[in-house]
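J.: no sequence on this one, just coordinates:
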């Protein structure tokens, strides 16, 4: 199955922001809808100094509250 353009963008920005590959896999599994991916990408754009642990925490929050 090929990745969507949005998934490719998210992976790119996770790499840029220093997220490790194994953490990226977890984030991608959590961000399983376009709405969740968009929410995380918008948050990352607004929080460009976020650490990888900040991003993981935000992804977990999005998953928790967007179900």
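T.: Yep, that arrived. Since we're looking at a predicted model, the values are computed, not measured.
J.: just say helix, strand or coil for residue 48.
T.: coil (DSSP: H, G, I helix; E, B strand; the rest coil).
J.: which residue packs closest to it, ignoring adjacent ones?
T.: Of all residues not flanking residue 48 in the chain, residue 17 sits nearest, at 7.8 Å (Cβ to Cβ, 6 or more residues apart in numbering). The way it works is simple: take the backbone N, C-alpha and C, and place the C-beta from them, glycine included.
J.: low-scoring stretches of the chain, by residue?
T.: Scanning the chain with the threshold set as pLDDT under 70 gives 67.
J.: how does it look with 80?
T.: Applying pLDDT under 80 to the chain picks out residues 1, 66-67.
J.: where's residue 2, which helix or strand?
T.: Assigned by DSSP states H and E, residue 2 belongs to no helix or strand.
J.: ditto for residue 7
T.: Residue 7 belongs to helix 5-16 when elements are defined using DSSP H and E.
J.: ok, residue 44 touching residue 55?
T.: Yes. Using Cβ atoms under 8 Å, residue 44 is in contact with residue 55, at 6.5 Å.
J.: between these two, which contacts overlap?
T.: residue 17 (Cβ atoms under 8 Å, 6 or more residues apart in numbering).
J.: so what angle separates the directions of the helix or strand just after the helix holding residue 7 and helix 5-16?
T.: Counting by DSSP H and E, the next helix or strand C-terminal to helix 5-16 is helix 21-30. Interaxial angle of helix 21-30 relative to helix 5-16 (axes from the mean of the first three to the mean of the last three Cα atoms, to 10 degrees): 150 degrees.
J.: buried set for helix 21-30?
T.: 23, 24, 27, 28, 30 (16 or more other Cβ atoms under 10 Å).
J.: for stretch 49-58, same thing?
T.: Per 16+ other Cβ under 10 Å, stretch 49-58 contains these buried residues: 50, 55, 56, 58.
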